[in-house]
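> model this:
(chains A, B and C)
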Amino acid sequence: MATATIPVEREHYLNTDYGIRSWLLATDHKRIALLYLVTITLFFFLGGFFALLIRLELLTPAGDLVLADTYNKLFTMHGQVMIFFFLIPSIPAVLGNFLVPMMVGARDLAFPRINLLSWYLLVAAGMLMLHCIFTGGVDSGWTFYTPFSTAFSNTKVIEAGLAIFIAGFSSILTGLNFVVTIHRMRAPGLTWSRLPLFIWAHYATSIIQLLGTPVLAITLLLVVFERAFHLGIFDPTRGGDPLLFQHLFWFYSHPAVYIMILPAMGVVAEIIPCFSRKRIFGYSAVAMSSIAIAVFGFLVWAHHMFVAGISLYSAMIFSILSYLVAVPSAIKVFNWTATMYKGSIHFDTPMLYAMGFIGLFTVGGLTGLFLAALGIDVHVTDTYFVIAHFHYIMVGGAVMGYLGGLHFWWPKISGRLYPEWLGKFAALTVFLGFNLTFFPQFILGYLGMPRRYWQYPPEFQVLNVLSTAGSTILAVGYVLPMIYFLWSMRYGKIADANPWGAAGLEWKTSSPPPTENFEEIPEVTWEAYNYDEIPSPEEVPVGR
Amino acid sequence: MSERILSSKLYVGIWATLMVLTVITATVAFVDLGPFNTVLALVIATFKALLVVLFFMHVKYTSEKLTKMAIVCSLFWLLILLFLSLADYSTRAAGHG
Amino acid sequence: MDVEQQRNAASLGMWVFLGTEVMFFGGMFCAYLIYRYWYYPEFAAGSRSLDIWLGTTNTAVLICSSLTVALGVRAAQMGKRRLLVLLLLLTLVFGLAFLGIKAVEWHDKFVEHHVPGASFSAEDLIQAYPQIHIDPARTQIYFSLYFAMTGLHALHMIIGVGIFCYLTYYSWKGRYTPQYHTPVEIGGLYWHFVDIIWIYLFPLLYLIDRKPLK
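Modelled structure (predicted):
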């Protein structure tokens, strides 16, 4: 790997044109990935800021930091921003956009201009959302339950609904691009069974985006119409059924959580074999599990409605189906750990995130099963137990997968190495801060503290203080990578094509890659994860 | 979609069939067939839709399995939405709204 | 990507997109299904207040437009530029006719006070069908769905008209050849899909119960 000498810089996708127009009118999937990276990072910090305010309010039992109405807006906008403007795009729009074409041996996605349109749609939606937030905000909960959202809320429900509607189209078009690319643009010899599991995960994610998001779109549109034109579809005084809204809303929003976790599982499936120096255990099982999660994920939505008024009979059906959907996830966890067994484990930063993912996702997933049991759910629904459950999956799972992926592919994206010791430190900070923030919330919920409440009985204060303390540590852990990634772009060690000794077509081209990805499209004759053939980085005499 | 060029007579024939079925749908609605009215109307509509998909949209003549997969999957997913929602509504003790 | 691969990709892309549209309209069909199951008398009465002959005519208009679209794709396959332009123009005429008739129907609904909201009144229906017990509040649900479904369908028609203006212009400019006419093909797919949605909307909205009343 090169050190010191400054050769004439080779042309690659970053330095090919520095003008602002070349970025804003980019059709290169790698540049669009970076556009997304900047956008969603900004929204992540906005959503995180709302979270910090929530945790500050909850330091004391009394409602003394903000008004109750303001608190309602804070948790609403925290959820909306984090879910629709950070988590849903995150891995697919950043890592997926960057890597999917390269991993299939293509020069770009099937529809590069639609890819750019996807980004602009997210930006437009984001600007509408920001306008909504800064001119009064919305307090309906990210779940927009009717009739509060349609008839009683005095806040900007229409703007928020339209913003998320537009963001949904960004998501749909990304999914469309990935499906067509994976079907139609694989390199010669790259059969489905030779694809990296990251691709399988993104294919499954795209199916969900394509089939689920339109239902959210029409549901939010109907809410907007009801508020704007006084239609009566969800209005109980006119015979409307608030539960109909919930059925339609959760038909998307449950599969949405699989949009958020499947890509992270795909990242983990790339990291674990690389840092165990072993083929993935049970490739077919993991690939089929991704598809199974995508399909079964559509059959369980009413487990969000167990106490809302659905029939007991349908509650039992959805409960059983919810147990079923856990099976493919468990299969994946077993396969990842089996991959590590008797592997040669390297504890680099991406691996720390991947291992953290496995532990935290397992906790989150198990508590999901607790919630799927009707008897337990009656007790803990709408309490902090639920909040802890989904944060274990969304943050302990998806966000750690995202960070692990960013670290793993950072050399490929930027051509630089981040400082490894700082990476490890930040990963451990995130892990510690995360658990301190959210584990107490399981206990709080079990003891009965309701969610979305701005004040609480004094006996819950100690656990809340622990949680808030954890959140400040977590915040530090999140800010650190932003700083050192930026630092590395200027001062980081220069990376060669494959600093981790990883398998996959993306590692066969230079770091950063040229705009057209490959000098020549490779012809694939080998199976995925051929780690028995790839030397470990320390076996090859290159410096790090 | 295949590149096979279909005869204009075939298209006109399909068009004529669709027009006839439309007239039938409208006039049969005035005949009392009990609950069968709805069934018949939907069966005719489905048949018309099939004609459009198979002939006007060329699905009968395509060798692309993915096209058929996309259609089947979309319809299957729609049925998931409709049937699982109905599982709740049709079993509520409270009955109608 | 070569031309053949591009065509394949574009075609798959459009079919996948139509799949998303099935789910988009599907949400409204779900709402319709539930409420028709619950409020059949009100749905029947609301349905009778629609003009069945305007609805049938509109259905016929769309079927004619699908014919001209299919023949247009065929003309493009055979390189017959003038015929293609003519057929696309005819398609536009049919599309605009549909929208015009739809506008007349909506105007009728407005005049009859069947638009949901403050000025809604189901009195005329209650009077017209004394044999059916009609709850005026629930009747608004039928008309809410009527406007939502026909409105979104009409919006898709308007987008279709826009797409076909684009196709007509570039056909006239000679851009489409037997080797390359992918936009015409996939534009056609979109148009047929919008026709299919109407094929279902027609019986579901207009023909709920037209039996002679006892």
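> any idea where the helices of chain C begin and end?
Applying DSSP state H to chain C gives helices spanning C:3-38, C:40-48, C:52-77, C:81-111, C:123-128, C:136-172, C:182-201.
> residues near residue 41, how many?
Went with chain A since none was named. Residues near A:Thr41, counting by other C-beta atoms under 10 Å in any protein chain shown, number 17. (C-beta placed from N, C-alpha, C; glycine too.)
> that's the wrong chain, I wanted chain B
Using other C-beta under 10 Å, B:Ala41 is surrounded by 24 other residues.
> I'd like the distance between the nearest residue to it once chain neighbours are set aside and C:His156.
Nearest residue to B:Ala41, sequence neighbours excluded (C-beta to C-beta, 6 or more residues apart in numbering or on different chains): C:Pro203, at 3.8 Å. The gap separating C:Pro203 from C:His156 is 19 Å, by C-beta to C-beta, to the nearest Å.
> more neighbours, those two?
Using other C-beta under 10 Å as the criterion, C:Pro203 and C:His156 rank with C:Pro203 on top: 24 against 19.
> Now do the more buried one against A:Tyr484, distance only.
63 Å.
> I figured A:Gly470 hits A:Val430, correct?
No - the criterion here is C-beta atoms under 8 Å, and A:Gly470 misses it with A:Val430 at 10.7 Å.
> So those two - more neighbours on which side?
Set side by side, A:Gly470 and A:Val430 show more neighbours around A:Val430, with 26 against 21, by other C-beta under 10 Å.
> any chance you could map the helices in the stretch 201-350 of chain A?
A:242-276, A:283-296, A:312-340, A:349-372 (DSSP state H, counting those that start in this stretch).
> Serialize these to a markdown table and add fields for mean neighbour count and distance to A:Gly19.
As requested, the helices of the stretch 201-350 of chain A are exported to a markdown table (neighbours: other C-beta atoms under 10 Å in any protein chain shown; distance: least, C-beta to C-beta, whole Å):
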| stretch | mean neighbour count | distance to A:Gly19 |
| --- | --- | --- |
| helix A:242-276 | 26 | 31 |
| helix A:283-296 | 20 | 40 |
| helix A:312-340 | 18 | 43 |
| helix A:349-372 | 22 | 33 |
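> closest one to chain B among the ones you listed?
helix A:312-340 (4.0 Å; C-beta to the nearest C-beta).
> before we move on, the earlier item: mind putting the helices of the stretch 201-350 of chain A into TSV with distance to C:Ile126?
What follows is those, written out as TSV (distance: least, C-beta to C-beta, whole Å):
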stretch	distance to C:Ile126
helix A:242-276	25
helix A:283-296	47
helix A:312-340	34
helix A:349-372	47
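> give me phi/psi at the nearest residue to A:Tyr313 once chain neighbours are set aside?
Distance criterion C-beta to C-beta, 6+ apart; nearest residue to A:Tyr313, sequence neighbours excluded, is B:Thr91 at 4.1 Å. When read as degrees, to the nearest 10, the backbone of B:Thr91 gives phi -120, psi 10.
> does B:Thr91 really touch A:Ser311, like I thought?
Yes - with contact defined as C-beta under 8 Å, B:Thr91 counts as touching A:Ser311 (4.0 Å).
> measure the residue of the stretch 251-400 of chain A found nearest chain C to A:Glu520 for me?
Proximity of the stretch 251-400 of chain A to chain C (C-beta to the nearest C-beta) peaks at A:Phe251, 7.8 Å away. Going from A:Phe251 to A:Glu520 by C-beta to C-beta gives 45 Å.
> Which neighbouring elements make contact with the lengthiest helix in chain B?
Taking DSSP H as the criterion, chain B has its longest helix at helix B:65-89. Where contact means 3 or more C-beta pairs under 8 Å, 6 or more residues apart in numbering or on different chains; DSSP states H and E, helix B:65-89 is packed against helix A:197-229, helix A:242-276, helix A:312-340, helix C:3-38.
> Dump those into JSON lines; add mean pLDDT as well.
JSON lines is the format used below for the helices and strands packed on helix B:65-89 (pLDDT from 0 to 100):
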{"stretch": "helix A:197-229", "mean pLDDT": "96"}
{"stretch": "helix A:242-276", "mean pLDDT": "97"}
{"stretch": "helix A:312-340", "mean pLDDT": "96"}
{"stretch": "helix C:3-38", "mean pLDDT": "94"}
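> what's the neighbour count on residue 85?
As the question left the chain open, I've gone with chain A. 26.
> I was after chain B.
Neighbour number of B:Ser85 under other C-beta under 10 Å is 23.
> just A:Ile40 next, same as before
23.
> Any figure for the gap between it and A:Val179?
Distance, A:Ile40 to A:Val179, using C-beta to C-beta: 22 Å.
> Same check on B:Asn37?
For B:Asn37 relative to A:Val179 (C-beta to C-beta), the value is 40 Å.
> the more surrounded of these two?
For B:Asn37 and A:Val179, the more surrounded residue by other C-beta under 10 Å is A:Val179, and the numbers stand at 24 against 20.
> quick one: stretch A:133-148 near chain B?
No - with C-beta under 8 Å from any C-beta of the partner chain as the criterion, chain B is not reached by stretch A:133-148; the gap is at least 13.2 Å.
> pLDDT on that stretch, on average?
In this model, stretch A:133-148 has an average pLDDT of 95.
> can you list the residues that contact it?
Outside stretch A:133-148, the residues within contact range by C-beta atoms under 8 Å, 6 or more residues apart in numbering or on different chains are A:46, A:69, A:72-73, A:75-81, A:83, A:132, A:149, A:153, A:155-157, A:159-161, A:220, A:223, A:226, A:234-236, A:240, A:242, A:245-246, A:249, A:253, A:452.
> Please repeat the previous calculation with a cut-off of 6 Å.
Stretch A:133-148 is contacted from outside by A:72-73, A:76-77, A:79-80, A:149, A:153, A:155-157, A:160, A:223, A:234-235, A:242, A:245, using C-beta atoms under 6 Å, 6 or more residues apart in numbering or on different chains.
> What residues sit buried inside the helix or strand of chain C with the lowest mean pLDDT?
When each helix and strand of chain C is scored by mean pLDDT, DSSP states H and E, helix C:123-128 comes last, with a mean of 89. For helix C:123-128, the neighbour count (16 or more other C-beta atoms under 10 Å in any protein chain shown) marks C:Leu125, C:Ile126 as buried.
> what's residue 56 in contact with, if anything?
I went with chain A, as the question did not name one. A:Leu56 makes contact with A:Leu65, according to C-beta under 6 Å, 6+ apart.
> Chain C, not that one
When contacts are counted by C-beta under 6 Å, 6+ apart, C:Thr56 touches B:Ala26.
> Point out the residues in chain C that sit beside chain B.
Neighbours of chain B within chain C, by C-beta under 6 Å from any C-beta of the partner chain: C:11-12, C:15-16, C:19, C:22, C:26, C:30, C:33-34, C:38, C:56, C:59-60, C:63, C:66-67, C:70-71, C:77, C:189, C:192, C:196, C:199-200, C:203, C:207, C:210-211.
> how about 7 Å then?
With C-beta under 7 Å from any C-beta of the partner chain as the criterion, chain C meets chain B at residues C:11-12, C:15-16, C:19, C:22-23, C:26, C:30, C:33-34, C:37-38, C:52, C:56, C:59-60, C:63, C:66-67, C:70-71, C:74, C:77-78, C:185, C:189, C:192, C:195-196, C:199-200, C:203, C:207, C:210-212.
> Selection in ChimeraX covering whichever of those are buried, please.
Filtering the residues of chain C next to chain B down to the buried ones (16+ other C-beta under 10 Å) takes a single ChimeraX command:
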select /C:11,12,15,16,19,22,23,26,30,33,34,38,52,56,59,60,63,66,67,70,71,74,77,185,189,192,195,196,199,200,203,207,210
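> contacting residues for the closest residue to A:Ser90 other than its chain neighbours?
Nearest residue to A:Ser90 in three dimensions, chain neighbours excluded: A:Tyr402, at 5.1 Å (C-beta to C-beta, 6+ apart). A:Tyr402 makes contact with A:Ser90, A:Ile91, A:Ala264, according to C-beta atoms under 7 Å, 6 or more residues apart in numbering or on different chains.
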